[in-house]
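A.B. asks: Structure here, sequence nowhere to be found:
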Ligand SMILES: Nc1ncnc2c1ncn2[C@@H]1O[C@H](COP(=O)(O)OP(=O)(O)OP(=O)(O)O)[C@@H](O)[C@H]1O
Ligand SMILES: [Mg+2]
């Protein structure tokens, strides 16, 4: 079938054309442009060392962005991830230093704290039916309050040397957390795109009522999603603590914004119903590289923020154009 | 003969994988009701979207009073006096009746502010022309009956001073009474010289209302436009589906088996009151009643959407509790809901994902969806229900209205229920496919399924049911069997004897 509508990109090969119709395709092109530009501007940018090092900084945001992608697709949002991270980290330091628990147990406490925080969100949203924005805005404040209350504004430090493995060590040539992250990205991608659970997430985001009428356990799915988000916050807290070797109550303040920006830049609709893990990963990489590259080329920190904001808006605009075609 | 007010010449329109319109030509005159017929997916809605400016044709010309025009968007279409009432009503539920009527062109005062007083006056005047003075223009649209919402839509069209009014299946969701009021309005507009394009799947309406009729099949005009007085129903059916249909309601009497579902004194709020009935294997039971009598509400209680507050439900003799749709499904109950957009479909998702949604658990291997099994199952139902789609991966939003309805049916048939509750199952479905669905209902009943069918189409209820339950104000007020039931008896029961004198 031939269509008479002409488009501006007709001179491109058709494979590239159809790729450009997806958000992932647009992001990939954007990524290439950014990498080329930054490597021209700074010779320290495009080095294996620098890039691998960046994955250390990216991991904590990425761990939170994975469940956030699912949550936003389901039509929800979780603003409390940064606070959950801080609360979990503080619990790690507290139970190890003040309660004297062995370190592995303290790590377990840290993960469990995340799970509890997430489960509370899940209960409020799925069963008490508080709108996600309000529920997690409230717990954002509450969990941050717990962090300060428990830590009494003191930071735990002096962790043993082996503990640094998770946040500073290497597995082969790769940073430890990069390996963990890679595995979780694959898992999240499969969960969302291949499993029945993933299908339910999309269904709920597209039409919650129809999902309910089709026998989908809407409450259970939502509860699981927010709990998962908590678990990932716990894991991120653990890796974060190992990386910076201290637990502070004000850790990860505002991190939720980075996380949501990456997900949305990745093409996940903020209204729910569509999105992908691949998009989120691309979004994360772009934000991280942009931040690092601009820093290396000597752009001041504040300006970096602005550039990222502009990229975010541009990406969404492009996305809208792509969809209208 | 006068110049037609609007004429289409050789209009074509393609969507990816579908030639929706293929060199379609036809014309409409002032003061005529021109019926447009065709199977689901024949291209009717696409044609009118081209007329209103919602879609652009790939080729062909449109002439307004003999002058070639282009209609770049619906705003321009309205300016040219072309208005449409779509298959799906599109009002803003939280705005008032008057605000909806004047959406986008509110009367304003000297200071450029909305002139509320004038807006309400003019809204009242428009509704007065439609003989709908009973409608309060200051109340929000939410909660209005479908019939009233439609009158608001018509008033909205008239507020643009439409000379060409297009109605896409306007009676699909109306009660008998509202249908008659609508006909009255259509006749009145025709007398004022408005040209009306009227799309319907109910052939009898063509003969009641239309002057001429054009039939579309696979995006092409079949034969030529006919004078309604020179044709008959059989000929139109033949033009639409390409063959003759022998019987409209191919009903074989059931051989009812044992009781599968029994409810006693079921109640929920004010909408379901002390309902008791039984349903046997192999029978089709019609649930009749006026809109608002509580038929869909009863279905929702049975399906666990609004779980019963009191009363008992027995499935195959065992008392059960149904607290959510999952529990209902586990007991073998399926419910094809009334509103496909709201309760039935995931519009942005594919035909395949929609069809398998209710049975996804059976298609999992280690938690992963088995795409081959999924496609096989979907293909089976696409074939059985003759769902017209270029591929299984097509977004449901891009299917025609009738084909969307078939996807909802497919979803629930795939669940292979013991008890199937159908809520207006053939709404918006063409004659051929309707007969097909009725045949399917018979076959399913023969295989032992128990079917509870809610329908506002009395002929369908009369034609397909072994027994008829009539509801009024949340209660079952009559039970009639196939032999003794007459349309009059059903109507009398539905309206209540006391109100009957008034009709
Ligand atoms: N936006 C779209 N994208 C792709 N295909 C479309 C789109 N709109 C319509 N179609 C296809 O064009 C064909 C004609 O659809 P149309 O809605 O005009 O049918 P119809 O005659 O109104 O049917 P019905 O009686 O079921 O409402 C169908 O095959 C439909 O799937
Ligand atoms: Mg249509």
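C.D. replies: Alright, I've got the coordinates. Given the structure is predicted, the values throughout are model-derived calculations rather than measurements. Ligands and ions are numbered 1, 2, ... in the order given.
A.B. asks: Any stretches of the stretch 351-500 of chain B with poor pLDDT?
C.D. replies: Residues of the stretch 351-500 of chain B that meet the criterion pLDDT under 70 lie in B:497-500.
A.B. asks: for it, what spans make up the strands?
C.D. replies: B:364-365, B:368-369, B:419-423, B:450-454, B:467-472, B:475-481 (DSSP state E, counting those that start in this stretch).
A.B. asks: Mind putting these into a markdown table with distance to residue B:264 and mean neighbour count?
C.D. replies: For glycine as for every other residue, the C-beta is placed from the backbone atoms N, C-alpha and C. Written out in a markdown table, the entries for the strands of the stretch 351-500 of chain B read as follows (distance: least, C-beta to C-beta, whole Å; neighbours: other C-beta atoms under 10 Å in any protein chain shown):
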| stretch | distance to residue B:264 | mean neighbour count |
| --- | --- | --- |
| strand B:364-365 | 37 | 12 |
| strand B:368-369 | 40 | 18 |
| strand B:419-423 | 16 | 24 |
| strand B:450-454 | 16 | 25 |
| strand B:467-472 | 14 | 23 |
| strand B:475-481 | 12 | 17 |
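A.B. asks: can you give me the helices in the stretch 401-503 of chain B?
C.D. replies: In the stretch 401-503 of chain B, the segments counted as helices under DSSP state H, counting those that start in this stretch are B:401-413, B:431-446, B:458-464, B:487-495, B:497-500.
A.B. asks: How far off centre is stretch B:167-183?
C.D. replies: Taking C-alpha atoms, centre = their mean, to the nearest Å, one finds stretch B:167-183 lying 10 Å from the centre of the chain it belongs to.
A.B. asks: where does the chain dip in pLDDT?
C.D. replies: Using chain A here. Counting by pLDDT under 70, the ranges of chain A that qualify are A:1-21, A:301, A:319, A:322-325.
A.B. asks: Actually, chain B is the one I wanted.
C.D. replies: Low-confidence segments of chain B, defined by pLDDT under 70: B:1-2, B:243-250, B:497-503.
A.B. asks: For chain A, just list every one of the strands.
C.D. replies: For chain A, the strands defined by DSSP state E occupy A:156-157, A:170-171, A:174-175, A:246-247.
A.B. asks: Relative to ligand 2, which of those strands is closest?
C.D. replies: Of all those, the one in closest proximity to ligand 2, counting by C-beta to the ion, is strand A:174-175 (56.2 Å).
A.B. asks: Now the phi/psi pair for residue B:196, please.
C.D. replies: For residue B:196, the backbone dihedrals are phi -120, psi 130 (criterion: degrees, to the nearest 10).
A.B. asks: That one and residue B:186 touch, don't they?
C.D. replies: Yes. Under the contact definition of C-beta atoms under 8 Å, residue B:196 touches residue B:186, with a separation of 6.1 Å.
A.B. asks: looking at the strands of chain A, which is buried most?
C.D. replies: For the strands of chain A, the stretch with the most neighbours on average is strand A:246-247, a mean of 21; neighbours defined as mean count of other C-beta atoms under 10 Å in any protein chain shown.
A.B. asks: which other helices and strands contact that strand?
C.D. replies: Under the contact criterion of 3 or more C-beta pairs under 8 Å, 6 or more residues apart in numbering or on different chains; DSSP states H and E, the helices and strands touching strand A:246-247 comprise helix A:81-93, strand A:156-157.
A.B. asks: can you rerun that using 6 Å?
C.D. replies: helix A:81-93 (3 or more C-beta pairs under 6 Å, 6 or more residues apart in numbering or on different chains; DSSP states H and E).
A.B. asks: List the buried residues for the helix it packs on?
C.D. replies: When neighbours are counted by 16 or more other C-beta atoms under 10 Å in any protein chain shown, the buried residues of helix A:81-93 are found to be A:81-93.
A.B. asks: Then stretch A:158-171?
C.D. replies: Taking 16+ other C-beta under 10 Å as the basis for neighbour counts, the residues of stretch A:158-171 that come out buried are A:159, A:163, A:166-168.
A.B. asks: export these to CSV and tack on distance to residue B:21?
C.D. replies: Listed next are the buried residues of stretch A:158-171 as CSV, based on distance: C-beta to C-beta, whole Å:
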residue, distance to residue B:21
A:159, 71
A:163, 69
A:166, 63
A:167, 62
A:168, 65
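A.B. asks: Okay, and which of those map to helices?
C.D. replies: Helix and strand membership here follows DSSP state H; of the buried residues of stretch A:158-171, those in helices are A:166-168.
A.B. asks: Name the member of those with the shortest distance to chain B.
C.D. replies: Compare each of those with chain B using C-beta to the nearest C-beta and the shortest gap goes to residue A:166, at 28.6 Å.
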